[in-house]
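# no sequence for this one, just the structure:
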């Protein structure tokens, strides 16, 4: 019997906000906090907690820098993050195919 | 499994998020139509000037016998003024419609995406501008219209990676028109009106129809 594709779904990506963060970071080198917030349309606190969770899993990295005097924190996906996200996407696709 | 977690919806969400974060999607079709109308008006005025005062290769009279053109000669030339007015009017109107649309779709006008789009359009446009300026300095006026079309087409080709993909078709049409024009020197104003006027209006209408109705 084939393996159930649900097993390949990644629990870490089990939230709209985290999916949003990862999707955006897959197609952009780096994005700052405000752009992410605007994109996903969540509150600061909500976004920050999801970012922390993704960082703790090692899927994204945080780079603090300066833009003039203001701090500018940018986020980017790690190699592990990209790989995990791709596996998650493939599992989703498999689920759609097998549901047909 | 509830509807929100359905894998198909999730995948669609992901796709939307990738598009929204990497492309400038607020570009309004109305901007294209407005730019096209400006271009047609500009071409009409320019055509009157050309008919009344010049023959196709007679802009050389601007120099009053001098070898190079001073800045004043440029500003006093009616064609140059028409071109500048047309460009500014088209730019301002396009901006207004796109600004209006981005307000409605709730996307930032000036974000990372817009910045990336502007830079990638600006590079081929500036190179084209310098090239056309050099053509004018050497009094090769016949190649200005095809040059405009080709460089603008290339700028749009570059833009298609950072905004609505369909702009690629507009870009290809502009380039093709510019290339054909290379063998019809002297009819530049008609090609110019076709490329910057008619094509913009067609493109704008299609995009408006598809995304904004």
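Thanks, I have the structure now. Only a predicted model underlies this, so the values are computations on that prediction, with no experimental measurement involved.

# check contacts around the spatially most central residue of chain A.
By C-alpha atoms, centre = their mean, chain A has its centre lying nearest to residue A:22, at 2.2 Å. Residue A:22 is in contact with A:13, A:54, A:59, A:60, A:77, A:81, A:85, counting by C-beta atoms under 8 Å, 6 or more residues apart in numbering or on different chains. Every residue, glycine included, has its C-beta placed from N, CA and C.

# The fourth one contacts residue A:21, correct?
When you say that, I think you mean residue A:60. Yes - because the distance of 7.1 Å satisfies C-beta atoms under 8 Å, residue A:60 is recorded as touching residue A:21.

# Can you check which residues contact both of these two?
In contact with both residue A:60 and residue A:21: A:51, A:54, A:75, using C-beta under 8 Å, 6+ apart.

# taking these one by one, which sit in strands?
Among these, the residues falling in strands (DSSP state E) are residue A:75.

# most surrounded residue in the shared contacts of residue A:60 and residue A:21?
residue A:54 (25 neighbours; other C-beta atoms under 10 Å in any protein chain shown).

# Chain A contacts on chain B?
Contacts of chain B with chain A, taken as C-beta under 8 Å from any C-beta of the partner chain, map to B:4, B:7-8, B:10-11, B:13-15, B:17-18, B:20-22, B:107-108, B:111-112.

# rerun that using 6 Å as the cut-off
Residues of chain B lying close to chain A by C-beta under 6 Å from any C-beta of the partner chain are B:7, B:8, B:10, B:11, B:14, B:17, B:18, B:21, B:22, B:108, B:112.

# picking that back up, what helix or strand is the residue nearest to the centre of chain A located in?
Residue A:22 belongs to helix A:16-27 when assigned by DSSP states H and E.

# which of the residues in that helix are buried?
Within helix A:16-27, the residues scored as buried using 16 or more other C-beta atoms under 10 Å in any protein chain shown are A:16, A:17, A:18, A:19, A:20, A:21, A:22, A:23, A:24, A:25, A:26.

# would you turn the residues you listed into a markdown table with pLDDT?
Shown next, in a markdown table, are the buried residues of helix A:16-27 (pLDDT from 0 to 100):
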| residue | pLDDT |
| --- | --- |
| A:16 | 87 |
| A:17 | 91 |
| A:18 | 92 |
| A:19 | 91 |
| A:20 | 91 |
| A:21 | 93 |
| A:22 | 93 |
| A:23 | 92 |
| A:24 | 91 |
| A:25 | 92 |
| A:26 | 91 |
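
# related to what we said a few turns ago, any idea how far the helix holding residue A:22 is from the middle of the chain?
4 Å (C-alpha atoms, centre = their mean, to the nearest Å).
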